[in-house]
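[1] turn this into a model:
(one chain, ligands or ions: 1)
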Amino acid sequence: MRPRIGITAYWRDASWGPWTSMPACLAPQAYVDAITVAGGFPLLVPPLPEMDGFADEALASLDGIVLVGGDDVGSANYGAEPHPTADPPNVRRDAAELALLRGALDRDLPLLGVCRGFQLLNIAYGGTLDQHLGDTVDGDVHRVRLGEWSNHPVEVVGGRLAELVPSGTVIHSHHHQGIGAVGAGLEVTAYAPDRTVEGLEDPTKAFCLGVLWHPEEAGTGSGAPVFRALVEAAAAYAATRR
Ligand SMILES: [Mn+2]
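    Numbering: from 1, shown residues only. A predicted model of the protein is given here:
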């Protein structure tokens, strides 16, 4: 049986067929494909209201989880006032994903945080976000235009990531926020050329890894080893649990 890998769903308005700007749970196909190619079985996890009560049930049916990208995390989650450029907070999604993330950490469920998911990982460890990288560095490197991928190399400096992504790999980037204070217990594993933090992991966990870029967009290329490692860790998790 393939390891079951949860994908946290976006919760936003979408339009297709007779549904016009209707609330929808959705995820980019690239995550589904990257997990499937890596040997996992992808399952969409919707952000239920009051997920605190449901996180255990959701996690009990999973062997691993990917916290996907999306809009900026609400700054109230790390005790800051919102920056003028911040997206309006998606309170339901923030709360649901933090509940899933914390539950996954408690269980040592293999976990990959992508972009927004990477930022949530830092917040779960008590870290903060830099709400607008463009205030201090050339933010265009990370997001040239809203809605278009930017591409920049990453310097990989350690952790599991060093086994999975060669330093200098050019990645898919689309963010304007970054890491402020690194959460206690997390190891920095990658940097952008401007020295902002792009990779974090908890070396005490079986597999707890976050990147500020989008490996799923290179899911059959440079991103594939990341998803293979997640699925391998998920298979090991499933084996010990059964
Ligand atoms: Mn970047």
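
[2] so who does the nearest residue to Lys205 once chain neighbours are set aside touch?
    Counting by CB to CB, 6 or more residues apart in numbering, Lys205 lies nearest to Asp108, which is 5.6 Å off, once chain neighbours are set aside. Just so you know, the C-beta spots here come from the backbone N, C-alpha and C atoms, and that holds for glycine as well. Under the criterion of CB atoms under 8 Å, 6 or more residues apart in numbering, the neighbours of Asp108 are 205-206, 208, 237.

[3] correct me if wrong: Asp140 contacts Leu146.
    No: taking CB atoms under 8 Å as the definition, Asp140 is not a contact partner of Leu146, at 11.4 Å.

[4] so those two - more neighbours on which side?
    Asp140 (13 against 7; other CB atoms under 10 Å).

[5] quick one: terminal-to-terminal distance for stretch 161-174?
    With CA to CA, to the nearest Å as the measure, stretch 161-174 spans 20 Å from end to end.

[6] show me what counts as buried in it.
    Judged by neighbour count (16 or more other CB atoms under 10 Å), stretch 161-174 contains these buried residues: 161, 164-165, 169, 171-174.

[7] contact residues of the protein facing the ion?
    Residues of the chain lying near the ion by CB under 5 Å from the ion: 142, 173.

[8] please enumerate the strands of the chain.
    Using DSSP state E, the strands of the chain run over residues 4-8, 10-16, 19-26, 41-45, 64-67, 111-114, 129-130, 150-153, 155-156, 170-173, 178-179, 187-191, 197-201, 208-211.

[9] show me the contacts for the nearest residue to Leu59 once chain neighbours are set aside.
    Nearest-residue entry for Leu59: Gly103, 4.9 Å, with adjacent residues in sequence omitted and distances by CB to CB, 6+ apart. Contact analysis of Gly103 by CB under 8 Å, 6+ apart lists 55-56, 58-59, 109.

[10] quick one: low-confidence parts of the protein?
    In the prediction, the chain carries residues with pLDDT under 70 at positions 242.
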